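Undergrad: got a sequence here, can you build the structure:
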Amino acid sequence: MSAASSVSAGDLDGGLADFRRGDFAAAEERFAAVAAARADDPVGQFYLGSARLQQDRNRAALEALDRALALRPAFPEARLARARVR
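TA: Coordinates of the predicted model:
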């Protein structure tokens, strides 16, 4: 089984639920799996960067957000999140 087939929409949904609960470490873990399995999808990278940003992991957040923007330059949410990185 490939990594892409082992990651489901439930992983993204679960990450979003973790994020909304404020469990950013759990969200990051789920989003990292999504981002790894779907390397050409900017959404997973965006959420991964957002979870890292919430944990003050700015360098790691920038890496994920920059990957999201490289994949989809017209991604306003990713641009906004990247602008918040200090």
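Undergrad: which neighbouring elements make contact with the host helix or strand of Leu65?
TA: Element membership for Leu65, per DSSP states H and E: helix 58-71. Helix 58-71 sits against helix 42-54, helix 76-84, with contacts defined as 3 or more C-beta pairs under 8 Å, 6 or more residues apart in numbering; DSSP states H and E. From N, CA and C alone the C-beta is placed, and that goes for glycine too.
Undergrad: got the angle between the first one and helix 58-71?
TA: Here helix 42-54 runs at an angle of 160 degrees relative to helix 58-71 (axes from the mean of the first three to the mean of the last three C-alpha atoms, to 10 degrees).
Undergrad: quick one: helix 42-54 to helix 76-84, angle?
TA: Using the same axes, to 10 degrees: helix 42-54 against helix 76-84 is 30 degrees.
Undergrad: who's in contact with helix 42-54?
TA: 12, 15-16, 19, 24-25, 27-28, 31-32, 34-35, 37-38, 58, 60-65, 67-69, 71-72, 75, 77-78, 81-82, 84-85 (C-beta atoms under 8 Å, 6 or more residues apart in numbering).
Undergrad: sweet, I'm off.
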